[in-house]
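> quick one, fold the following:
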Amino acid sequence: MKSISHKQLYDLIANTKGSAIVGIVALTDAKARKTNNPFGTIFKQIRTVAFVGADYENSVNREIGRQDANGTFQAEALPWGQWEIQNKIISHKGELYLRTQSTPGQRRNQAAKVLSYRDQLGKFVSYEQIKQFLPEARESSKQQDAGLNKTVWVRTYKFSSIQRIRINGETYKMN
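Numbers count the residues shown, from 1 in each chain. Model prediction:
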């Protein structure tokens, strides 16, 4: 497995034409509630497969057709940050984020998986210990308003949270 820097990852994504399927292992903030939470910040290590560089609006409208829904969807501007590379990399407050999306069909074939949870000190904790502090997953209400039962998921990963990434048939470890 090759090691690459964040700059090299940026260049790799920038030089990938169109959209690409990526496999990611990342350690992200689980966005746990703070009230009465003895664990502090809770992190989750995830493994997922998604697209980078796909047009969000087009993806949702294709999914509307797959689900025989009657609506249409129009994407809004980014709610935060600026595009560094359209549909791929966002910059926000000096950090870079990789934007991914996955369709219901893709998730059925290659579901995202939480590998582990950790407290703010890096100690492993069980799901049972922390589940009461984790937010419930929500579907996009705007996509549901357009008629989708199962929505296209958009996720962003801070470059510094990515531990490994597979793209164009190669797996890279972040250094």
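> not counting sequence-adjacent ones, nearest residue to the residue most central in space within the chain?
When C-alpha atoms, centre = their mean is applied to the chain, the residue found nearest the centroid is residue 155 (2.6 Å). Leaving aside its sequence neighbours, residue 155 sits nearest to residue 100 (C-beta to C-beta, 6 or more residues apart in numbering; 5.1 Å). Backbone N, C-alpha and C define where each C-beta goes, glycine included.
> the one you found: helix or strand, and which one exactly?
strand 95-102 (DSSP states H and E).
> what comes up buried for that strand?
For strand 95-102, the neighbour count (16 or more other C-beta atoms under 10 Å) marks 96-102 as buried.
> as CSV, those residues with pLDDT would be great.
Formatted as CSV, the buried residues of strand 95-102 follow (pLDDT from 0 to 100):
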residue, pLDDT
96, 98
97, 98
98, 98
99, 98
100, 97
101, 96
102, 95
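> contacting residues for the residue nearest to residue 155?
22, 24, 48, 50-52, 154-157 (C-beta atoms under 8 Å, 6 or more residues apart in numbering).
> I'd like those residues as TSV, with secondary structure appended.
As requested, those are exported to TSV (DSSP: H, G, I helix; E, B strand; the rest coil):
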residue	secondary structure
22	strand
24	strand
48	strand
50	strand
51	strand
52	strand
154	strand
155	strand
156	strand
157	strand
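> which of those lies closest to residue 122?
Nearest to residue 122 out of the contacts of residue 100 is residue 157 (C-beta to C-beta; 19.1 Å).
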